[in-house]
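Trainee: Here's a sequence, model it:
(one chain, ligands or ions: 2)
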Amino acid sequence: MNHTMLDTRTAPAASARGLTRSYGRGDTLVPALRGVDLDLPRGRFTAIMGPSGSGKSTLMHCLAGLDQPTSGTVTVAGRSLESLDDDQLTTFRREQLGFVFQAFNLLPMLTAEQNILLPLELAGRRADRERFTRLVETLGLADRLRHRPSELSGGQQQRVAIARALVTGPAVVFADEPTGNLDSETSAEVLGLLRTSVRELGQTVVMVTHELDAAAYADDVVVLADGAVRAHLVDPDADQLVATLRGER
Ligand SMILES: Nc1ncnc2c1ncn2[C@@H]1O[C@H](COP(=O)(O)OP(=O)(O)O)[C@@H](O)[C@H]1O
Ligand SMILES: [Mg+2]
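Mentor: Ligands and ions are numbered 1, 2, ... in the order given. The predicted structure follows:
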């Protein structure tokens with residue numbers, strides 16, 4: 001196997017170089033990404049923003065090994081994704097990445113606890129009971145573990161999905177519009193928990209969102225426009241973020 005020698009303590013959690021992704025061809029060619037260079041630092045909560053169609057989901061899918069770029073490279077946790085075959089990529093995703101989607105994607109016949117532990121089960125790993133307990137307590141799920149998804153509220157289901165994403169201690173957690181199906185109060189709770197996972201558990205979270213309120217929970221904001229990075233803002237204040245989204249800076 002091809003190991004890239006990178007210092008994983010200081011290397012970015014994920015990076016892209018010259019990333020392009022086009023859909024279709026000829027007259028119907030859609031260039032979703034037109035050459036993205038990006039470094040996402042470890043231990044930060046980064047929001048990816050931009051108008052509908054600007055390439056947010058495509059970028060996230062390429063960074064997470066769910067979609068293959070047309071050209072360019074993606075490196076996550078020190079591994080070049082293009083060097084991995086399908087099986088290696090599946091294993092890599094299972095062991096190194098966590099996912100939180102708008103539709104919570106829990107398995108209905110499993111309890112909350114079983115859903116949370118599923119990634120470990122699939123990887124043939126034992127649960128670290130201490131980590132598991134800390135996780136479910138941090139996420140306020142300790143008294144919901146025996147419930148099935150249908151017996152939980154939307155916010156509780158998304159908290160279970162977050163616990164499932166975090167249980168392996170992944171290099172990066174990717175979240176695509178994680179509050180898209182939640183009311184504003186529950187959204188605030190879920191976003192606060194994602195931030196807590198960064199602050200207190202040292203996780204790296206990359207979240208796609210088109211909501212300013214959601215991005216306000218992030219440390220950094222990558223603004224996309226027409227398939228390219230318009231800005232990578234570090235600790236922006238609200239005025240700076242709004243001005244950048246309006247295209248004023
Ligand atoms: N599977 C696909 N087939 C064809 N075009 C696509 C596909 N997925 C996305 N696109 C196009 O690529 C562009 C970027 O899409 P997307 O990454 O979903 O943007 P966003 O998430 O910012 O709304 C859009 O023009 C979209 O229509
Ligand atoms: Mg999208």
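
Trainee: Burial check on the residue lying closest to residue 133 once chain neighbours are set aside, number of neighbours?
Mentor: Spatially, and ignoring its direct neighbours in sequence, residue 133 is nearest to residue 142 (7.9 Å; CB to CB, 6 or more residues apart in numbering). Heads up, the C-betas are built off the backbone N, CA and C, glycines and all. Counted by other CB atoms under 10 Å, the residues lying close to residue 142 total 11.

Trainee: Make sure residue 142 is actually in contact with residue 136.
Mentor: Yes. Applying CB atoms under 8 Å, one finds residue 142 in contact with residue 136, separated by 5.2 Å.

Trainee: Look up how far ligand 2 lies from the residue nearest to residue 133.
Mentor: Counting by CB to the ion, to the nearest Å, the gap from residue 142 to ligand 2 is 33 Å.

Trainee: Need the per-residue pLDDT for that residue.
Mentor: The model reports residue 142 with a pLDDT of 95.

Trainee: what's the answer for the one 3 residues further on, then?
Mentor: Predicted confidence (pLDDT) for residue 145: 97.

Trainee: Distance of it relative to residue 168?
Mentor: For residue 145, the distance to residue 168 (CB to CB, to the nearest Å) stands at 18 Å.

Trainee: Just want to know which of the two has more residues nearby.
Mentor: Each of residue 145 and residue 168 had its neighbours counted (other CB under 10 Å), and the higher figure belongs to residue 168 (20 against 17).

Trainee: That one against residue 92, yeah?
Mentor: No. Between residue 168 and residue 92 there is no contact under CB under 8 Å: 11.7 Å.

Trainee: quick one: contacts for whatever residue of the chain ends up closest to ligand 2?
Mentor: As assessed by CB to the ion, ligand 2 sits closest to residue 57 within the chain, at 3.2 Å. Neighbouring residues of residue 57 by CB atoms under 8 Å, 6 or more residues apart in numbering: 176, 208.
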